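everything below, folded, please.
(one chain, ligands or ions: 1)
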Amino acid sequence: MNARKQPIAIVGPGRLGQALGRLLNEEGFLVAYVAARRRAAARSAVRFIGTGVVVGMDSPELAAASVILFTTSDAALAPVARQVAALRKDWRGRVILHTSGSVPASVLLPFKRRGAAIGSLHPFQTIPYPSVGIRNLRGCMWGIEGDPAARRLAKRWVKAINGTTFQIRAGKKTLYHAAAFMVCPTLVTLMHHSVKLLKLSGASEIIARAMLSKIVAETAGNFFVFGSRRALTGPAVRGDWETIQKHVAELRRVIPEVLPAYRELVRLMAALAGRSIPAKVLGP
Ligand SMILES: NC(=O)c1ccc[n+]([C@@H]2O[C@H](COP(=O)([O-])OP(=O)(O)OC[C@H]3O[C@@H](n4cnc5c(N)ncnc54)[C@H](OP(=O)(O)O)[C@@H]3O)[C@@H](O)[C@H]2O)c1
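Got it, this is the predicted structure:
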């Protein structure tokens, strides 16, 4: 059957579910049903997606879909999948997908035992709002795993929105997810503290955010082109330990809660640069 004609049900449409649902709809795929534990949430998701019928989590209509896409939070996947799988004895010919980066497709085994193909597709992207997702999910990279039929469908969807898929090892998803976590929310946390320092040094909040966004974008671009070692700059790389020592003293005074993270990052940075840090530089 033409993938665009297969009725899709989206279960648990949060930020990612709504954004992906809308993109699939824009690309001519048939988002037929939307289920959420609160009907008001499902109604609002349908408005954002632009199509779909609101159904309950235990609705027989949900079982009529050819494809079910679970976009709930990770912890809800297992119980919600069990609940929905129990709606039919036979799921043969159906494809069941989820969008978690850390949970393997095997969380959908209750469907596979009843004949369905199961898989997962995870965008290596950050979606703080559905409206951001409809922009940045286009052209992004997606980690996929699972049964061949499920991977085939995931690839079709991703291709339709100009993205790239790569296969990830189901047993290594925690590492895969940690890789994204290590550079995304952590970066926001570091920038949050950088803003405090910039404001103390005279910049307004909005200027500070613009400054950080530019330097981070440039750093990311250099990292892509040159690789980690050659993209590194700054006093730790130059061996300018006096400056690092001054940072440590001022950070201890102004934002001491950040100092342990700063120290560990300097250690990792020096190791990457092949430098050893003289004793006492990082303080007690
Ligand atoms: N946002 C991102 O940047 C991003 C990026 C890549 C992958 N992902 C993955 O996408 C998935 C969803 O993330 P998200 O950021 O879209 O989360 P989200 O905005 O918090 O949405 C999660 C959805 O799950 C629903 N849910 C939670 N527990 C449920 C339950 N027991 N039964 C039914 N629905 C339940 C929530 O419904 P209520 O409104 O009723 O709580 C909500 O609609 C996760 O697996 C996440 O790892 C997210």
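
for this structure, which residues are neighbours of the ligand?
Contact residues (Cβ under 6 Å from any ligand atom) of the chain with the ligand: 12-17, 36-38, 41, 71-74, 76, 80, 99-101, 122-123, 125-127. For the C-beta atoms, the positions are set from N, CA and C on the backbone; glycine is no exception.

in helices, which of these appear?
Cross-referencing the residues of the chain next to the ligand against helices under DSSP state H gives Arg15, Leu16, Gly17, Ala41, Asp74, Ala76, Val80.

scan the residues you listed and report the most crowded one.
Neighbour counts for these peak at Gly17, which has 25 neighbours (criterion: other Cβ atoms under 10 Å).

quick one: the strands in this protein?
Using DSSP state E, the strands found in the chain span residues 8-11, 31-35, 53-55, 67-70, 95-98, 117-123, 141-146, 164-167.

out of the ones you listed, which comes closest to Glu205?
Nearest of the strands of the chain to Glu205, taken as Cβ to Cβ: strand 117-123 at 29.5 Å.

other residues contacting the closest one?
16, 20, 94-101, 103-106, 108-109, 111-112, 137, 140-151, 153-154, 157-158, 163, 165, 168, 176 (Cβ atoms under 8 Å, 6 or more residues apart in numbering).

one step back: filter the residues of the chain next to the ligand down to the buried ones.
For the residues of the chain next to the ligand, a burial check counting by 16 or more other Cβ atoms under 10 Å picks out 12-17, 36, 41, 71-72, 80, 99-101, 122-123, 125-127.

for Val80, see how far away the residue in the stretch 1-150 of the chain positioned nearest to the ligand is.
Per Cβ to the nearest ligand atom, the residue of the stretch 1-150 of the chain with the smallest distance to the ligand is Gly14, at 1.7 Å. Per Cβ to Cβ, to the nearest Å, Gly14 is found 12 Å from Val80.

can you pull the residues that touch both of those two?
Here Gly14 and Val80 have Thr72 as joint contacts, going by Cβ under 8 Å, 6+ apart.

tell me who's in contact with Arg263.
By Cβ under 8 Å, 6+ apart, the contact set of Arg263 is Val248, Leu282, Gly283.

could you redo the last one with a cut-off of 10 Å?
By Cβ atoms under 10 Å, 6 or more residues apart in numbering, Arg263 lies in contact with Ile244, Val248, Leu251, Ile277, Val281, Leu282, Gly283.

before we move on, what about Gly17?
10-11, 34, 36, 45, 48-49, 69-72, 99, 127, 130, 133.

do that again at 7 Å, thanks
Contacts for Gly17 (Cβ atoms under 7 Å, 6 or more residues apart in numbering) come out as Ile10, Ala45, Thr71.

can you put these in JSON lines and add distance to Leu268?
Formatted as JSON lines, those follow (distance: Cβ to Cβ, whole Å):
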{"residue": "Ile10", "distance to Leu268": "40"}
{"residue": "Ala45", "distance to Leu268": "41"}
{"residue": "Thr71", "distance to Leu268": "34"}
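
any idea how far the nearest residue to Ala273 once chain neighbours are set aside is from Asp90?
Once flanking residues are discounted, Ala273 sits nearest to Val237: 4.5 Å by Cβ to Cβ, 6 or more residues apart in numbering. As defined by Cβ to Cβ, Val237 lies at a distance of 61 Å from Asp90.
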